[in-house]
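Novice: Fold the following.
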Amino acid sequence: MPETMKRIVLASRPDGAPAPENFRLETADLPEPGDGEVLVRVHYMSLDPYMRGRMDDAKSYAAPVPIGGTMEAGGVGEVIASNAPNFQPGDFAFGMFGWATHGVQSAKMLRKIDPDEMPITTALGVLGMPGFTGWFGLTQHGRPKQGETLVVAAATGPVGSMVGQVARLAGLRTVGIAGGDEKCRLATETFGFDACLDHRAYDSARDLRAALAKECAEGIDIYFENVGGKVLEAVMPLMNPHGRIPICGMIAWYNAGGLGANAAQDGLSAPALWRSILVKFLSVNGFIISNHFDRYPEFLSEIAPKVASGEIKYLEDVADGLENAPAAFMAMLKGGNTGKQIVKLI
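Specialist: From the prediction side, this is the model:
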């Protein structure tokens, strides 16, 4: 067993978009598991947009990463030491190990993974937090009905692709929005969207709205919000009465501190948005998926068989090496990934 591990810590807080100097790679002593704890050698770790918010010292639903603290992340790997009866060396587990090659967690905080049932990386994406987020937000707050029209941006990401596929299986017309021709092709050919628009091809929200109106001839019943910014501005006038907007994320604004500080620059008007919600009787629901993990077994029982059969598809974008995690993360925030962004550590 090694005596040391590697981790990436938050070296400084970003001002706007994260930069390489905000991260630092360190070597640390390998931790020892205490009573009821498990030591895991991480094989793969997840990169997700929410991590950008953890880099800011701002009030939110979760505490920020402290300066010098290990960046937060979920990971999956092999148990190499255990002081818990339900985990043995050689088992595989998912847990919040951070941007690190190894991690110790209480066995109560871990989920055992069977590598013979599904690739272990699926625990980070399609069958992990992102897939669960898409399923829960759509089914609980989107309340899809056959024949309706759904729009989701970041359509080829792990959340958006789950939303689109579950909606399609429920009999909805699905319209994706993505960045670039290749992602739009993946949205329609791989994930089965009825149409997909390249937001980079439109200079303004008005132009994007005109294109959306052609694809959503009967209006939009559900807008699954991952992005904010220009896409939100394009969508709002097209929402049908009694439409639903599950709010999952706002990646277009994350580098402004996560609170939409640059919203006015995008042409968004709070009074106009508020009026649309009022006069169209819209249901707008924000949710944080960590509050709903009691529903995770239900998600797995419904979706895992569909993933195993190929009925629900997924894509993974794998960066190699912990040292490359910051670059992959910064690229992901700008749409540089295709599918679920993962870092391979072993």
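Novice: So what sits opposite residue 75 in the bridge?
Specialist: Listed beta-bridge partners, residue 75: residue 45, residue 95 (assigned using DSSP bridges).
Novice: need the strands for the stretch 1-150 of the chain, in chain order.
Specialist: Under the criterion DSSP state E, counting those that start in this stretch, the stretch 1-150 of the chain contains strands at 4-10, 23-29, 37-46, 75-82, 92-95, 102-106, 111-113, 149-153.
Novice: so what secondary structure elements neighbour the longest one?
Specialist: Spelled out, it's strand 37-46. Strand 37-46 sits against strand 75-82, strand 92-95, strand 102-106, strand 340-344, with contacts defined as 3 or more Cβ pairs under 8 Å, 6 or more residues apart in numbering; DSSP states H and E. In this view, the C-beta of every residue, glycine as well, is placed from N, C-alpha and C.
Novice: can you pull the buried residues of the third one?
Specialist: I take that to be strand 102-106. 102-105 (16 or more other Cβ atoms under 10 Å).
Novice: Show me the shaky parts of this protein.
Specialist: Within the chain, the set of residues satisfying pLDDT under 70 comprises 251-269.
Novice: so where do the helices sit in it?
Specialist: For the chain, helices defined by DSSP state H occupy the ranges 50-54, 129-136, 158-169, 181-189, 205-215, 229-235, 270-279, 296-309, 325-333.
Novice: Contacts for the longest one, please.
Specialist: Among residues not part of helix 296-309, those counted as contacts by Cβ atoms under 8 Å, 6 or more residues apart in numbering are 117-118, 122, 126-127, 131-132, 135-136, 162, 166, 169, 312, 314.
Novice: Pretty sure residue 208 sits against residue 230.
Specialist: Yes: between residue 208 and residue 230 there is a contact at 6.3 Å, judged by Cβ atoms under 8 Å.
Novice: any idea how far residue 30 is from residue 100?
Specialist: Computed as Cβ to Cβ, to the nearest Å, the residue 30 to residue 100 distance reads 10 Å.
Novice: quick revisit: can I get the buried residues of strand 102-106 in CSV including distance to residue 83?
Specialist: Formatted as CSV, those follow (distance: Cβ to Cβ, whole Å):
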residue, distance to residue 83
102, 15
103, 14
104, 10
105, 12
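Novice: what's near enough to touch the residue most central in space within the chain?
Specialist: In the chain, the centroid-proximal residue (Cα atoms, centre = their mean) is residue 130; its distance is 4.5 Å. By Cβ under 8 Å, 6+ apart, residue 130 lies in contact with 48, 124, 157-159, 162, 340.
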